[in-house]
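J.: Turn this into a structure:
(4 chains)
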2 protein chains.
Amino acid sequence: MLMPRKPAYDRDALIAKAKDIFWRQGWAGTSLKDLERELKLKPGSFYAAFGSKDALYALTMESYTREGVARLKALAEKLGPKGALKAQPRFVIEAVENPTKACMLAKTYAELQAKDHDLADQAARHMTEMKACFAELFRSAQKAGEIRSEHDPDRLAARYQSDILGLRLSAERKDVDADEIAADIAADIDRL
Amino acid sequence: MLMPRKPAYDRDALIAKAKDIFWRQGWAGTSLKDLERELKLKPGSFYAAFGSKDALYALTMESYTREGVARLKALAEKLGPKGALKAQPRFVIEAVENPTKACMLAKTYAELQAKDHDLADQAARHMTEMKACFAELFRSAQKAGEIRSEHDPDRLAARYQSDILGLRLSAERKDVDADEIAADIAADIDRL
DNA sequence: TATATACTTGAGCGATCGTTCAATAAACTC
DNA sequence: GAGTTTATTGAACGATCGCTCAAGTATATA
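T.: Residues are numbered from 1 along each chain as shown, chains lettered A, B, ... in the order given. Now for the predicted structure:
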C-alpha cells in the first residue's frame, strides 16, 4: 500500500482561526472569500478539508463551547463553585483574545433561528449545555453552604445565563460601562 | 399646475410590515425578493418609495424605537415609574404581536457592528435613547421614594437594560422559562 | 376629452454568493 | 527513480444579491 501526501495546513489551527472570523462577523457576514483569504485555502482545499461553510461553522461552535466549558471548570477548580460564578462575568468581558465580547452561540441563534437553520439548533443545544454547567456550579455551591438551599439551581442558572448574555452584548457598546454591570451581577450571587 | 397620480400603497403600513420582516430575519437574512413579495411592491416602486434596502431598514428601526418609548411612557403613566419598570420585563416577552421576542436593535447591532455598518451606529443610538428612558424612570422612582437614593440611576438603567436584552434573547429559547426570569428581574427592582 | 405627470411593471444589469471539478504539483512506497 | 495517491490550484458554474431603467398605465388638471 502507498501512503498519501499530507496536508500542508494544521486543521485545528484553521478551525480556531475560522472561529474568530465567524464569531466576529456572523454566518451571513462571512463569505467563502473571507475564509479563503484568512485561512489561505483555495476553494478546492477548503471543501476537501471541511465539506462546506456550514460544516466548518459547526466545528467552530463545538470548539467554542468545549473551551468555554473547560474554562469554567478550571475557574471552579481554582475558586470553588461560588467563586467561579462570581468571577465569570468579569472574565468573559475582559478576555482580550476574544474577537468580540458577545457570545458566539447567542449571536448564531439570534441570526439563524428565524430561518430554522440547523446551525441555530446546534447553537441552542450548546447553550443548553452551558446552562447545565452553571446549574451544576449552583448545586455545588449549595452543597458547600455558600448559597441558600431554598433556591432552585436550574432557575438560578437560567437567570444567570440570561444576565451573562445581556452583559456580553452590553460590553460591545461604547456608552455602557460593562465592568459595573459585571460587578453588579457578581454582587447578586452574594445575596443568594 | 397638474396634480400627479397618488401611490396605491400606504407608506406607513409598508414600514410596519417591513419592520416585522427585518426584526425577525435580520438585515442579511432579508432579501429584496422577500420585501417585494411581502410588501407587494415591484423593484421600481420599492426604490421610488424608499430609496434602498438600508434606508427602509433605518425607517423601521426609528418606528420600532418610537413605539417602544411610547409604550414605556404609557406604562409609567398608568403604573408609576417603579410599576412600569417592574411590568416591562413581563410585557416585552408576552407581546404576541411581536414577530420575535429578541430586541430588534440588539439583533441589528450584533449583526452589523463588525462591519462598521451605518445601521449598527443607528441601532446603538436608539439603544442609548432607550437607556435614557429607563434612567429617567429610575430617577422618578427615587424622587417618589420608591427606590433608595443611594443608587446611581444611570447605573441602574444600564444594568436593567442589559437584563432585558438577556431576557428577550432567552425568551426565544425553548429550554428556558422566560416568565421566571422576568419575575426575578421584577423582584430585583423591589430590592433597590 | 386632451395632456401632463407620476406610479407601476418587469426584464435585466454587474457583482457576489457557495460550490464543483478537471488539471497540475507534491509526497509517499516500492 | 518509477508509480501511485492525494493535495493544491483556479477557472467557472448556476443562483441570488441589491438595484436600475425604459416602457406602459392610471389619475389628476385644464
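J.: wait, does the lengthiest helix in chain A contact DNA strand D?
T.: Secondary structure of chain A per DSSP state H: the longest helix is helix A:53-94. No - Helix A:53-94 lies out of reach of DNA strand D by Cβ under 7 Å from any atom of the strand, never closer than 12.4 Å. Just so you know, the C-beta spots here come from the backbone N, C-alpha and C atoms, and that holds for glycine as well.
J.: How far off centre is that helix?
T.: 6 Å (Cα atoms, centre = their mean, to the nearest Å).
J.: C-terminal to it, what's the next element?
T.: helix A:104-112 (DSSP states H and E).
J.: CA atoms of that following helix as CSV?
T.: The C-alpha coordinates for helix A:104-112 follow below in CSV (Å, rounded to 0.1, in the frame of the first residue of the first chain):
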residue,chain,number,x,y,z
MET,A,104,-21.0,33.4,19.6
LEU,A,105,-23.8,30.9,20.4
ALA,A,106,-26.2,33.7,21.2
LYS,A,107,-25.3,35.6,18.0
THR,A,108,-25.7,32.5,15.9
TYR,A,109,-29.0,31.6,17.5
ALA,A,110,-30.3,35.1,17.0
GLU,A,111,-29.2,35.3,13.4
LEU,A,112,-30.4,31.9,12.2
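J.: Need the mean per-residue confidence for the helix or strand hosting A:Ile21.
T.: In this assignment (DSSP H and E), A:Ile21 forms part of helix A:11-25. For helix A:11-25, the mean pLDDT works out to 97.
J.: Put the alpha carbons of that helix into CSV.
T.: Provided in CSV are the C-alpha atoms of helix A:11-25 (Å, rounded to 0.1, in the frame of the first residue of the first chain):
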residue,chain,number,x,y,z
ARG,A,11,-6.6,21.6,10.7
ASP,A,12,-7.2,22.6,14.3
ALA,A,13,-5.5,25.9,13.8
LEU,A,14,-7.7,26.6,10.8
ILE,A,15,-10.8,25.8,12.9
ALA,A,16,-9.6,28.2,15.6
LYS,A,17,-9.0,30.9,13.0
ALA,A,18,-12.3,30.4,11.4
LYS,A,19,-14.0,30.5,14.8
ASP,A,20,-12.7,34.1,15.3
ILE,A,21,-14.0,35.2,11.9
PHE,A,22,-17.4,33.6,12.3
TRP,A,23,-17.7,34.8,15.9
ARG,A,24,-17.0,38.4,14.9
GLN,A,25,-18.8,38.6,11.6
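J.: Just the buried positions in stretch A:20-39, please.
T.: A:20-27, A:29-30, A:35, A:39 (16 or more other Cβ atoms under 10 Å in any protein chain shown).
J.: coming back round to it: how far away from the center of its chain is the helix holding A:Ile21?
T.: Counting by Cα atoms, centre = their mean, helix A:11-25 comes out at 13 Å from the chain centroid.
J.: So what touches it?
T.: A:30, A:34-35, A:38-39, A:41, A:49, A:56-57, A:59-60, A:63-64, A:98-100, A:104, A:107, B:114-115 (Cβ atoms under 8 Å, 6 or more residues apart in numbering or on different chains).
J.: Check whether A:Trp27 sits in a helix, strand or coil.
T.: Three-state call for A:Trp27 (DSSP: H, G, I helix; E, B strand; the rest coil): coil.
J.: Nearest residue to it in space, ignoring adjacent ones along the chain?
T.: A:Glu111 (5.7 Å; Cβ to Cβ, 6 or more residues apart in numbering or on different chains).
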